[in-house]
Every structure is written in C-alpha cells, then in structure tokens.
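Student: Kindly generate the corresponding structure for this input.
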Amino acid sequence: MQAKRKTKPYDYFDPVFDGSYEVPIDTEYNLPDYCADIQKVLKCRVVPEISSYGISEDTLRCEGVCDIRVLYLDSKGDSLKCCEFTKEFSASIKMKNPEGPAVAWVRAAVEHLTCRAVNARRIDLHLAVSLKVLAVVQRQEQITCGLEGDGIEKLGEHRRASQAVNAVSHQFSIEDRLPLKNGKPPMESILRKEVACRATDYKLAQGQLSVSGRADMSFLYLSSVDGTLEKMSASLEFSQVVECEGAGEDCLCDLRVMAGQSSIQPREDDVGEYTSVDVSVKVFLTAFLYQPCEVEMIDDAYSVKGPLELRYAQSSLLDAQEVYSEVLKKKCSLTVTEEEIQKVVDLWCEQESVQSTCEEGKLTYRVRYTICLLYRSASGRILYVEKSFEHSFTTEMEGSKAKRSDTISLTDLWEYRIADKNTVEASVETWVSSLLYSREPVKYLASAGMDDESKSYPHEPQLLVYYASAGEKLWDIAKSHRALLSDLREQNELYDDTLPDSRPLIICNR
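Tutor: Predicted coordinates for the structure are as follows:
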C-alpha cells in the first residue's frame, strides 16, 4: 500500500556544460609587399572575438576570429610598423544530455601565445584560445510536500530558495561612423584597437527585459601627415528589448553583456584623407532570471500501523541572494630598465582574469592583468615593456549568507603619469559584477508505502513512561515508540520540537 504523495514543482537551471574548452591555433603569416621588413618584433597582440554561437541537440557550435596585430620595428629600427591579419577558429563542444532548449554564455580569451619572426618577411604564431562556457537547461523537479495515509506521521521542513524563471540569449550589432576628434590628424593605419561592452541599466517588467548599455572603444593609429602616433577613444550607447517570459520586477537578473567580433576601419573623406572610422560591433547578451521562493519538503515519515518502506531522492536548492557590482581601483608602477622614458606612445591593459570567492560574510576578488607600455626613449627609439600584476580586494558583505560567487569583469587603464624618467604610474579600474548565492544539497522523501507481504504491527494499547534527556527531539521519541506525534504533544503539554530539559514523558499508544 502506497501513501498518497503530494508534490510541488521546483524550477532550476541544470548546467549541461560549465567550464573551459581550448582551441589550439598554429599559423604563419608572410608580410605583403607593402609592409616593411621586420628588424625586431616588439609585441604580438591577439584578441579572439566571437562571431556567432548556437546550440543544436547536444552540441554547442562556436565560430570566431582572432584579430592579430604584430607591432615591430622596420629594418632601420627607427620606425614603428604594424602588420595586421586575422585567423578564424571554430569549436564543437559536446554537452551532457540537454533534453530541452539550452541557453549559453560564451567568453573567449588567449590562454597562451608564442610569436616569432622566422625571417624579415615571415611570422610564426602558436596560441590557444580558451572558451569559457556556461550552458544551462531549465528543468522542473517535483518535490514531495505532503504525504497522506492512515496512521502515517510525516516530518517536513521549509527551505528558502530561488527558482529559475527563464534564461535568454540575444545577439545584435552596433554600427556607426565616428569622425576624428578636433585637432586629430588624418590616419594612415590602425595599430591597436580595444572594444568592450557592458550594461549600464536594465528593467524587468511584463515579460520583457529592457537593457541599456554602451560599447567603449579606443585605438592607436599612425598619422598620414607626419607619421606620429595618435590615440582616440569613443563610446556608443545601445538599448535593447528582449522578450523574456516570466520577467517581472520581483526577479533577480544575472545579466552578462559581451563584445563579439568588431571592426574599426578608416573611412576616406571627399578630399581623399582618412578622417573618420566605420565602427561595427557584435554584442552578445545573456540573462539568467531567478525568483525567491520557499520550498516545502517531507524528509521523514513512519506509520503507527506497520513498517514503512521509504525511498528518497536527492537534489540541491539554489538561493540567489543578490547581484553585486563594484569598481576595484589600483595604482601600479611600471619601471623600464633599458632606456629612459621621453614620451609614452601607448599604454594599455590585457590578459585580464578575475577569480572571486565568497565565505564568512566576505567577498574576495583576485585580479590579474598585464600592463603594456610603448614608449619613446631619450635616444628617440621606440621600445616596449610589459609587466603582470596581481591584486586582492576584500569587501565585507554584512548580513550575507552567500557561499559562492560567479563573476564577470572588465579591466581598463583609467589614467597614467610619468612618475620619473624610468617609471610610469598607472591607475587601473576593474569593474566586477557577481551573482552571490548558496547551493545546499537536500534529501526528500520520494515515496512511502507498506510492502504487500509486510505484517501490520500488533494492536496492543499500552501506557509507557519514558525518561527523556534535554535536547531530544519529539519526532525521534514518537518514531521510536510508534506513537502519534500529536498524542505525545497533547499528553505531555509540549509545544517545542526539542525538549528543553530532562523529564519523564507519558507515551500512550491507542
């Protein structure tokens, strides 16, 4: 005989892939005729950009392109040159049994890189692109919240949790034409570019997600007038409305906005000079929505009529508490040893990574990045130096019970100054956004019943006196003596679940 089971649904995101996937790339590049010979490679910069990704059955297919720019000195060693080319890459990532529509977030980064000039006209390149992927499927679990049957006693509890509402992925493009700022000379070629996207605000209402944000970009270019190096920066704002069933003001949104494949191309004006650029940026938006809930579950039962066979199921409950954002600021000093600094030609950050931990009411970030410096020395030479930095930041999270954190980040160099003839001091800012949550394993009763061959307990009404110790649970006492819990409370005038002190208890089996 099976007890009648009552259930309530609990929606959750099941990660079908959560980790990194490495794509090795080996290539060589022969300089075109219009490029000067290589005397020395100063810096090879590779930026992997996602052009598209999608999920079909159990496979996530990702396409991208590496923007490769090699800064080098010409054969005389007195002019900075750049050769620019691209290398496409792709990946097919197997996921575990999606069994439903999956939604993914993907971020690309360079894992390791080796670049060398084989001769004055050829470059060999070996690198690995790391794809960080989170792909989830929304599932529903039926959790036992009630149990009915003659003579059956049940023990339940309530847990605070967050249930999955929806996950959406959206792609769009930004295009615009940007004139060079006043006083900037026309350009000949672009030597380096930076593009980053982030959300500045969002709103959830009536099944829609409205997102506002901006794409920040900067580039270093060679002037066509006098061969000097110039820098320019600009921002493009965007807004998007995404259909998202279930979205409402009471939802918590883990929003991730990433820049994908981008292009900054010089644009010729009416007199044949390049005085503006055409900008194109692909943007990937992914959102995971949660809603607070209370989960009621039955985790133990017994019968006063006969032996019950109990079967359990295991799961985990996620409690998403907040999305916390912060700007982490740090000043870093970069010292050169080869020649004194006369002028900073370009300064930027790259290879950023952020790891976060959340425990005991503290949120800790470990930030790593590399500062890259192109400068002109006192002798007029163009030189390059870079240095890696690692910093830790800790924030007190008063009242927070979160034990885990998932973080996205952007690092940028805010400002710099030449501290002395050998040192540049840079101010670096890292924007972080972290989903703070806890995930607790739970075990609940999946079924309860008496085997058809099991014999009922003999019906023997009796009165017992049990000497209980302080701290004993009424449930354990009633279960061990096959007594009704309500009778135990009523007969001994007990209201708490645990005995406050040692005392004799009357146990009357009817």
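
Student: Now the helix or strand harbouring Ala167: average pLDDT?
Tutor: Under the criterion DSSP states H and E, the helix or strand holding Ala167 is strand 152-179. Averaged over strand 152-179, pLDDT sits at 95.

Student: On the strand side of things, show who Val344 bridges to.
Tutor: Counting by DSSP bridges, Val344 is bridged to Tyr375.

Student: circling back to that earlier point, which SSE is immediately downstream of the strand holding Ala167?
Tutor: Counting by DSSP H and E, what follows strand 152-179 is strand 187-205.

Student: List the neighbouring strands of the helix or strand following that next one plus their orientation.
Tutor: Toward the C-terminus, strand 187-205 is succeeded by strand 208-223 as the next helix or strand (DSSP H and E). Using DSSP bridges, strand 208-223 pairs in its sheet with strand 187-205 (antiparallel), strand 229-243 (antiparallel).

Student: which other helices and strands contact whatever helix or strand Gln342 lives in?
Tutor: Taking DSSP H and E as the definition, Gln342 sits inside strand 341-359. Here strand 341-359 touches strand 102-119, strand 187-205, strand 229-243, strand 362-377, strand 404-420, strand 423-449, going by 3 or more C-beta pairs under 8 Å, 6 or more residues apart in numbering; DSSP states H and E. Quick note: C-beta positions are derived from backbone N, CA and C, even for glycine.

Student: With mean pLDDT, distance to Ser79 and mean neighbour count as extra columns, can I get these in CSV?
Tutor: Output for these, formatted as CSV (pLDDT from 0 to 100; distance: least, C-beta to C-beta, whole Å; neighbours: other C-beta atoms under 10 Å):
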stretch, mean pLDDT, distance to Ser79, mean neighbour count
strand 102-119, 95, 16, 17
strand 187-205, 95, 12, 18
strand 229-243, 95, 11, 15
strand 362-377, 95, 12, 19
strand 404-420, 93, 23, 17
strand 423-449, 94, 23, 18
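
Student: so which of those strands comes closest to Lys330?
Tutor: strand 423-449 (5.3 Å; C-beta to C-beta).

Student: on contacts alone, who are the packing partners of that closest one?
Tutor: Against strand 423-449 (3+ C-beta pairs under 8 Å, 6+ apart) you get strand 4-30, strand 122-148, strand 152-179, strand 274-303, strand 309-335, strand 341-359, strand 362-377, strand 404-420.

Student: Please list all residues in contact with the nearest residue to Ile174 once chain neighbours are set aside.
Tutor: Of all residues not flanking Ile174 in the chain, Val281 sits nearest, at 4.6 Å (C-beta to C-beta, 6 or more residues apart in numbering). Residues in contact with Val281 (C-beta atoms under 8 Å, 6 or more residues apart in numbering) are Ser173, Ile174, Glu175, Val195, Cys197, Ala215, Met217, Leu236, Ala259, Gly260, Ser262, Ser263.

Student: Show me how to select, in PyMOL, the buried members of the residues you listed.
Tutor: Of these, the buried ones can be selected in PyMOL as follows, counting by 16 or more other C-beta atoms under 10 Å:
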select buried, resi 174+195+197+215+217+236+259+260+262
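
Student: between the contacts of Val281, which is nearest Glu296?
Tutor: So of those, ranked by how close each gets to Glu296 (C-beta to C-beta), first place is Cys197, at 41.8 Å.

Student: Look up which helix or strand the closest residue to the closest one other than its chain neighbours falls in, please.
Tutor: With C-beta to C-beta, 6+ apart as the criterion, Cys197 has its nearest non-adjacent residue at 4.1 Å, and that residue is Ala259. According to DSSP H and E, Ala259 maps onto strand 252-268.

Student: got it, and Pro500?
Tutor: Counting by DSSP H and E, Pro500 is found in no helix or strand.

Student: from what I can see it touches Ala470, true?
Tutor: Yes - judged on C-beta atoms under 8 Å, Pro500 makes contact with Ala470 at a distance of 6.6 Å.

Student: Settle this for me: the residue nearest to Cys197 is touching Glu49, isn't it.
Tutor: Yes - counting by C-beta under 8 Å, Ala259 sits close enough to Glu49 to count as a contact (7.5 Å).
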